[in-house]
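Asker: Take this sequence and fold it.
(2 chains)
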Amino acid sequence: MTVTPSVFDPGLSSTAVAETGLTEIDSDTGELRIQGFSIEDLAENASYEEAAWLLFNGRLPTDEELAGFTNELSVARSLTDHRLIQAGAEEGVPAMDVLQMGLGVGSLHADDEDTLMATRRVVAICPTIIAAYWRHRRGVEPIQPRQDLTHTANFLYMLSGVEPDEVIVEGLETYLTTIIEHGLNPSSFAARIIGSTGSDPFSAATGAIGALKGPRHGGALKRIFEMFATVDEGTDPTTYVEQRLENDGSLVGFGHSVYNVRDPRANILKRAAERVFENRDSASFLRNAQQLEAAAEEYLAEHYPEQQMHVNVDYYAAALLHGLDIPLELSTAIFALGRSAGWMAHYLEQLESETLLRPRTRYVGPEERSWVSRSDRYVAGDSSPPSPSALEGISSTLGTLSEPTRLELLLILYESAKPLSYSSIRAQSSIEDKGRFNYHLRKLRGIFITNTEAGYSLTDGGQKVVEMLLDDEQLLARPVE
Amino acid sequence: MGMADQELHRGLEGIAVTETQLSTIDGEAGELIIRGFPVEELAKNAVYEESVFLLFNDRLPTESELESFRRELAGHREISEEVQQVLRQAAREDADAMDVLRMGVAAANLGDKVTDPTDHAKRLVSVLPTIVATYWRYRSGQEPVSPREDLGHAANYLYMLTGEEPDPAAVKGLETYLNTVIDHGLNASTFVARSIASTESDLVSAVTGAAGSLKGPLHGGAPGPVLEMLLKVHESGDPERYVWKKLDSGERVMGFGHRVYRTRDPRAEVLSYAAQQFYSDSDERVFFETVEEFEEIAVRQLAEHKPDRKLETNVEFYTAVLLYGVGIPQELFTTTFAVSRVGGWTAHCLEQLADNKIIRPVSIYVGDSDRSWTPPDERYTRTMND
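Answerer: Next up, the predicted model:
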């Protein structure tokens, strides 16, 4: 009865939904390019503001343009209202939930701004919300943003209240730039669907945050860190890897749904971690992570040589963020902070395409039901059985069975392992008159017998009726009393 | 990536992304089936809570089940002090009602700790009317009215808006509306909700995303302008001329035609009947007479103007008429749609979670492929030399 959509692709895993000029990924060679620049090039050279400008404008900014953009972001940083953030922090709500609330109200106190300005404000306020949350969590006053610091430096400053060390700023900036954009993952897609309706950037950003919150998308950093901590406490890396992989064949931080080779971002973050941990007392933490990787690579190469399981972006991100003294509770929120520019770029790209995303579903629910009045509804286990008048329908349904030739038809279908054609049932039935045969068959159709392209067969109900007539595969000797 | 020669399905039209048991639309026949029931049956017979129960449980509740479901929903209506403050601030800044809904929903978990997805769903269904009504009270310079647990969902919404116990006819009219638009396949907002839920995120996130997308002008469902048009026509007293002038200047007449239905939207039918019932006993009867006259004239003129396409009133048309009648302010039309649709959004999320496959489409890269870094002082753009 319903028009069937042309294609059924659950999860859309093989459907291309948009053209994008943002990110190009080669799964087989492990190359990631953003607006044509290799991720290595960007991570080494670009400031976060520069990478964001590139995403928004499709080319690198001049000195002047970059200074203008940096200023735009820095003046958009402050929040006047901390009530939700404070309430969330005091209730112990996770950082991502508070970031979602904070972005949700992000349009408050902002004078009628245009869409582009609102995308900048989304990027600008993520650090302020996260830092304020963290300060409230620890019962200290939030620190007002400083306009003279860069995006990354200001964030670290708002977290701690002291001007951050150059090495730390650099380490975090590399992280934020490296993860700024990565094609059409579920969070970017959420931003795009919302953008497809022509809605605003704050709505798109809250939707994207919502998707990233899901454990199927974000949230691996915490588990990786816990793994590192276990090794750091003295568990032998090789033993750990063997135990995990022999257990269920999975190892957190390894494998990626997009790459068939090593995730190119892993190397960048590994080098950044090495720089941060250099000459530090805690350097053993990173060494352990590296030993764990080597042990896993060795084990995987030996036991699963055909499987391409390598460290993904989260693996060294967990080590790097630990080296930067970033609280574990903030790790997903900081990923969001980095990715916010990518979300906004996707949002704008979709908005500009002016195409509403409205897919179809395949309906597999009941075809036709009719209304039953409240007092006549009966649910097994419910204390009040319905009135006899409400049972009339079902009683007449059972009535269709009080006819031996119809039971014969049910038994013919029960005997057959596969659906039967009309002529085959007709041949086996003792009813000779065609009209009478059709009449009885029609009476059974729907509830007891179904007719599909393959032929006639028993419904679940029909199956149960026949089973009721049988005792140890024999017909009941006498009528049920 | 091997995607280069892939076909692009911009808009995903004709692509089925999931199976569903919740609702199905037959655009050719003009039918909307919700959990097996034609929408007409639900609209006529159900209270809103009953429709929500049906969506969540795939069957109608018994009397005692309905009673306890209503009580449960009524117990989840309160919002926290902080959310109230945010709504007050938003009203003071004249923020749009849909922005405010997003703000309120995103913070819906404050002060109401629930973790189970089904409890989240109930909480969201319960709390949306409170968010909208609280905002509206502040916006109209009044203190918010606390929800009353003894009132049904629809009645309590009207009560919180006005502070007075509502007229049964208005409750009935609103109830019909809430049942009629509760679910409608996978439109963009429902698709957002399912996509977010597919990452196994929480329902507050999914509904926040859905509310955010409902705001967009392309989503459809903006009955506000339709009401403005009808009031103008009513005032002018000359529907014939209004429609003629619109068509003559090549403009659209609002409230007609739907992208899915080729014939009349079945929901328009239901709402038209509900409006008729409501206005038959109301002081605004004359307005409704204009509306009916306008519909007749517009359908006739549109048929002459575009003989190849059958344009009939869509769901926005009678939504505007009915909601105006029962006393919903025009500024709250879209948020009132959300107050109903949240039942569908949450049911879709629960269905997605029950048999989850992450929704993750692909894209086709069309940008530059190989660029290399240039230092800032060597970057040249034409504007610099102007």
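Asker: State the pLDDT value of residue 383.
Answerer: As the question left the chain open, I've gone with chain A. With respect to pLDDT, residue A:383 has a value of 64.
Asker: ah, I was thinking of chain B
Answerer: You'll see residue B:383 listed with a pLDDT of 58.
Asker: and if you look at residue A:477?
Answerer: 71.
Asker: and the gap between the residue nearest in space to the middle of chain B and residue B:344?
Answerer: Central residue of chain B (Cα atoms, centre = their mean): residue B:337, 3.4 Å from the mean position. As judged by Cβ to Cβ, to the nearest Å, residue B:337 and residue B:344 stand 11 Å apart. In short, each C-beta sits where N, CA and C put it, glycine included.
Asker: With residue B:194 as the reference, measure out to residue B:357.
Answerer: Using Cβ to Cβ, residue B:357 is found at 11 Å from residue B:194.
Asker: Compare neighbour counts for these two and give me the winner.
Answerer: Per other Cβ atoms under 10 Å in any protein chain shown, whichever of residue B:357 and residue B:194 has more neighbours is residue B:194, with 27 against 14.
Asker: Is the more buried one in contact with residue B:349, as I believe?
Answerer: Yes - the pair residue B:194 / residue B:349 is scored as a contact, 6.6 Å apart, by Cβ atoms under 8 Å.
Asker: okay, and the common contacts of the two?
Answerer: Common contact partners of residue B:194 and residue B:349 (Cβ atoms under 8 Å, 6 or more residues apart in numbering or on different chains): residue B:206.
Asker: and for residue B:357 and residue B:194, which residues touch both?
Answerer: With Cβ under 8 Å, 6+ apart as the test, residue B:357 and residue B:194 both reach residue B:18.
Asker: and stretch B:36-50, what's its mean pLDDT?
Answerer: pLDDT averaged over stretch B:36-50 gives 95.
Asker: And the contacts of it?
Answerer: For stretch B:36-50, contacts defined as Cβ under 8 Å, 6+ apart pick out A:365-371, A:373, B:31-34, B:51, B:54, B:60-61, B:66, B:69-70, B:73, B:152-154, B:175-176, B:178-180, B:182, B:266-267, B:269-271, B:274, B:340, B:343.
Asker: can you check stretch A:263-280 too?
Answerer: Counting by Cβ under 8 Å, 6+ apart, A:30-32, A:39-40, A:43, A:167-168, A:170-171, A:174-175, A:178-179, A:256, A:283, A:285-286, A:289-290, A:310-313, A:315-317, A:319-320, A:323-324 sit against stretch A:263-280.
Asker: re the thing from before, in helices only, show me the contacts of stretch B:36-50.
Answerer: The members of these that map onto helices under DSSP state H are B:51, B:54, B:66, B:69-70, B:73, B:153-154, B:175-176, B:178-180, B:266-267, B:269-271, B:274, B:340, B:343.
Asker: Assign a three-state SS to residue A:159, would you?
Answerer: helix (DSSP: H, G, I helix; E, B strand; the rest coil).
Asker: likewise the one 5 residues further on?
Answerer: Reduced to three states with three-state DSSP, the structure at residue A:164 is coil.
Asker: so what's it closest to, chain neighbours aside?
Answerer: Nearest residue to residue A:164, sequence neighbours excluded (Cβ to Cβ, 6 or more residues apart in numbering or on different chains): residue A:156, at 3.8 Å.
Asker: what do you get for residue A:317?
Answerer: Distance criterion Cβ to Cβ, 6+ apart; nearest residue to residue A:317, sequence neighbours excluded, is residue A:269 at 5.4 Å.
Asker: Run a quick neighbour tally on the one you found.
Answerer: Residues lying near residue A:269 (other Cβ under 10 Å) number 26.
Asker: Could you list the low-pLDDT ranges of the stretch 351-481 of chain A?
Answerer: Counting by pLDDT under 70, the stretch 351-481 of chain A has low-confidence residues at A:382-383, A:478-481.
Asker: which parts of it sit against chain B?
Answerer: Residues of the stretch 351-481 of chain A lying near chain B by Cβ under 8 Å from any Cβ of the partner chain: A:353-375, A:377-379, A:382-384.
Asker: Buried only: go through those residues for me.
Answerer: Neighbour-count burial (16 or more other Cβ atoms under 10 Å in any protein chain shown) is assigned, among those, to A:353, A:355-361, A:363, A:365, A:369, A:372, A:374, A:377-378.
Asker: Take the residues you listed and keep only those in helices.
Answerer: Using DSSP H, these in helices are residue A:353.
Asker: among the buried ones among the residues of the stretch 351-481 of chain A next to chain B, which are in strands?
Answerer: A:360-361, A:363 (DSSP state E).
Asker: out of the residues you listed, which one sits closest to chain B?
Answerer: residue A:363 (3.5 Å; Cβ to the nearest Cβ).
Asker: Looks like that closest one contacts residue B:21 (just checking).
Answerer: Yes - with contacts counted by Cβ under 8 Å, residue A:363 reaches residue B:21, the gap being 7.3 Å.
Asker: Confirm that residue B:19 lies within a strand, as I assumed.
Answerer: Yes - assigned with three-state DSSP, residue B:19 falls within a strand.
Asker: show me the contacts for residue B:20.
Answerer: A:361-365, B:185-186, B:348, B:351.
Asker: still on that earlier bit, now which of the contacts of stretch B:36-50 would you call buried?
Answerer: For these, a burial check counting by 16+ other Cβ under 10 Å picks out A:365, A:369, B:31-34, B:51, B:54, B:60-61, B:66, B:69-70, B:73, B:152-154, B:175-176, B:178-180, B:182, B:266-267, B:269-271, B:274, B:340, B:343.
Asker: Quick check: residue B:349 vs residue B:100, distance?
Answerer: Per Cβ to Cβ, residue B:349 is found 22 Å from residue B:100.
Asker: meant to ask about residue A:319, not that
Answerer: 42 Å.
Asker: about what we covered before: filtering the ones in helices among the contacts of stretch B:36-50 by proximity to chain A, which remain?
Answerer: Restricting these to contacts with chain A (Cβ under 8 Å from any Cβ) yields residue B:66.
Asker: Are stretch B:21-33 and chain A in contact anywhere?
Answerer: Yes - residues of stretch B:21-33 contacting chain A under Cβ under 8 Å from any Cβ: B:21-29, B:31, B:33.
Asker: which ones among the residues you listed are found in strands?
Answerer: Using DSSP E, the residues of stretch B:21-33 next to chain A in strands are B:23-26, B:31, B:33.
Asker: any idea how far the closest residue to residue B:77 other than its chain neighbours is from residue B:156?
Answerer: Once flanking residues are discounted, residue B:77 sits nearest to residue B:147: 3.9 Å by Cβ to Cβ, 6+ apart. Distance of residue B:147 to residue B:156, computed by Cβ to Cβ: 6 Å.
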